[in-house]
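Novice: output the structure for:
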Amino acid sequence: MIIMDNVLNKLVGLGIPGLIFFYVFATCGYYGAAAITFSLAAIGPGGMIGGVATLVLAGLISSALAEYGFDKLNEAIVNEFKNRGKSKEDILNWINSRWYISGSKKAYLRELINEYYS
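Specialist: Predicted coordinates for the structure are as follows:
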């Protein structure tokens, strides 16, 4: 059963970059090699190589999320901030300055930080 879990995690990890590439590819308006070139160049910085690197990074992140989940990943990030000597206030200011983190996620992270620093 452990082998099947690993296979499923890898498929999920490969699925997100595939979806990203598919949506850009499908909406680009080109066909064939030009569509592939345009799609990769549009996905990431630095042309096609940047697009490939962005897809690889998206795969690594989605694979980690599939294996550990958001909560464990958040705990590891907060723990790493603490190990690097960041103060509680520094971390809270960093979280509050990020517009893309939802209010409910910010509340969860504040609670998590309070647990780590209590």
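Novice: so who does residue 43 touch?
Specialist: With contact set as Cβ atoms under 8 Å, 6 or more residues apart in numbering, residue 43 has these partners: 20, 21, 24, 50, 51, 54, 55. In short, each C-beta sits where N, CA and C put it, glycine included.
Novice: go ahead and confirm the first one touches residue 58.
Specialist: In this case it means residue 20. Yes. Between residue 20 and residue 58 there is a contact under Cβ atoms under 8 Å: 6.1 Å.
Novice: returning to what we had before: now the contacts of residue 43 as JSON lines including secondary structure?
Specialist: Shown next, in JSON lines, are these (DSSP: H, G, I helix; E, B strand; the rest coil):
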{"residue": "20", "secondary structure": "helix"}
{"residue": "21", "secondary structure": "helix"}
{"residue": "24", "secondary structure": "helix"}
{"residue": "50", "secondary structure": "helix"}
{"residue": "51", "secondary structure": "helix"}
{"residue": "54", "secondary structure": "helix"}
{"residue": "55", "secondary structure": "helix"}
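Novice: which among those count as buried?
Specialist: For those, a neighbour count by 16 or more other Cβ atoms under 10 Å gives the buried set as 20, 21, 24, 51, 54, 55.
Novice: now, among those residues, which is nearest to residue 104?
Specialist: Nearest to residue 104 out of these is residue 20 (Cβ to Cβ; 25.1 Å).
Novice: show me what contacts the nearest residue to residue 62 once chain neighbours are set aside?
Specialist: Leaving aside its chain neighbours, residue 62 sits nearest to residue 16 (3.9 Å; criterion: Cβ to Cβ, 6 or more residues apart in numbering). Going by Cβ under 8 Å, 6+ apart, residue 16 touches 58, 59, 61, 62.
Novice: state the helix or strand in which residue 16 lies.
Specialist: Using DSSP states H and E, residue 16 sits within helix 2-27.
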